[in-house]
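1. just a sequence and a predicted model for now, questions to come.
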Amino acid sequence: MKKLFLLTITSLLIFGCSSDDGSTNTQPKKIVRRSYTGNPNEVIQRYLFSNGKLESIKFYNSSDFFKGSINYEYFSNGLLHNITKSNGGYLHSFIYDNQERIMHMKYENSQLDEAYYVNYTYNNDNTITAESFGTTQGVKTYYLNSNNLIYKEVSEGTTYEVIFDGYNAISGSYGTFISRSFEYSDTDLQFNTDYFTGGYASNGVLMYNSLYGNETASANKYLIKEIGNDTFKHEYTFDGNGRPIIRLDYKNDNLTDEFKYEY
């Protein structure tokens, strides 16, 4: 389910803050996702928001029967604390320092028999050391660019490096081999994901302790294409206020998901 959480953060929630001054509300109140990938228990997913924050994702089968939910809990300062499942056996939690940087991440998934935690150390040379303990063990080093974005990950002799254009990842590569590339629309986004990332942009990578797969966590434009072993496309329909109301996702030109946004 990690991919689902990532999709929520990087693709669904990057809309401007809710407004109390009578102007157009750009934060969705609900997102309904219909999946065409074949899982009968996850045909419909409803993303529900409260006070501008993602509160839960509820899953329904093809008969609209409730199958469970993913729930999000926050600290009093609004930062994400825990992600849990309604049927138990799952925990993804975060602790932050006084600069809103993740300093401790814990992950437990009884279904996959995984349980580990990661401690992050912020060094004076623009690097971050990540030490993992439990079913996943090891040490990674992350390198920061001038925008405080993680652009390189080094682990056990393997280096994965991302090229950015501002806050938007353009490509990711192992050595000279470009494994992933990304394309964006010309439309700028206004962020409202501080409860996930706080004031520290690289939290979007540290949440999962992996640069690969999380390259676009800091994007400030609409991601419309990802090219790797497969090609993923995202097609948006906007209303008269420039807000997305429909998004269609394709994998290798086959429709996989449809998202409808309600404001």
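-> Cool, got the structure.

2. packing partners of the helix or strand hosting Arg180?
-> Using DSSP states H and E, Arg180 sits within strand 177-188. If contacts are counted by 3 or more Cβ pairs under 8 Å, 6 or more residues apart in numbering; DSSP states H and E, strand 177-188 sits against strand 168-174, strand 221-227. C-beta here means a position set from N, CA and C on the backbone, and glycine is covered the same way.

3. so which of those strands is nearest Thr158?
-> strand 168-174 (7.0 Å; Cβ to Cβ).

4. check which strands are paired with that closest one and give the direction for each one.
-> Paired with strand 168-174 in the same sheet, following DSSP bridges, are strand 158-165 (antiparallel), strand 177-188 (antiparallel).

5. how about the first one: buried residues?
-> Yep, that's strand 158-165 we're talking about. Buried positions in strand 158-165, judged by neighbour count with 16 or more other Cβ atoms under 10 Å: Tyr160, Val162, Phe164.

6. check which helices and strands the host helix or strand of Ile83 sits against.
-> Assessed by DSSP H and E, Ile83 sits inside strand 80-85. In terms of contacts (3+ Cβ pairs under 8 Å, 6+ apart), strand 80-85 is packed against strand 66-74, strand 90-96.

7. now the helices for the stretch 1-150 of the chain?
-> Along the stretch 1-150 of the chain, counting by DSSP state H, counting those that start in this stretch, helices occupy 2-7.

8. which stretches of the stretch 1-150 of the chain have low pLDDT?
-> 1-26 (pLDDT under 70).

9. let's see it at 90
-> Counting by pLDDT under 90, the ranges of the stretch 1-150 of the chain that qualify are 1-29, 37-43, 50-53, 62-63, 77-78.

10. can you give me the strands for it?
-> For the stretch 1-150 of the chain, the strands defined by DSSP state E, counting those that start in this stretch occupy 30-35, 44-50, 53-60, 66-74, 80-85, 90-96, 102-109, 114-122, 127-134, 138-144, 150-155.

11. so which of the ones you listed is nearest Tyr236?
-> It is, among the strands of the stretch 1-150 of the chain and with distance given as Cβ to Cβ, strand 30-35, at 13.0 Å.

12. neighbouring strands for that closest one, and are they parallel or not?
-> Partners of strand 30-35 in its sheet, by DSSP bridges: strand 44-50 (antiparallel), strand 254-262 (antiparallel).

13. just give me the neighbour total for Pro244.
-> 22 (other Cβ atoms under 10 Å).

14. how near is the nearest residue to it once chain neighbours are set aside to Glu258?
-> Once flanking residues are discounted, Pro244 sits nearest to Tyr236: 4.9 Å by Cβ to Cβ, 6 or more residues apart in numbering. In this view, Tyr236 and Glu258 are 12 Å apart by Cβ to Cβ, to the nearest Å.

15. common neighbours of those two, please.
-> The overlap between the contact sets of Tyr236 and Glu258 (Cβ atoms under 8 Å, 6 or more residues apart in numbering) consists of Ile246, Arg247.

16. look up the residues forming beta bridges with His92.
-> According to DSSP bridges, beta-bridge pairing links His92 with Ile83, Tyr107.
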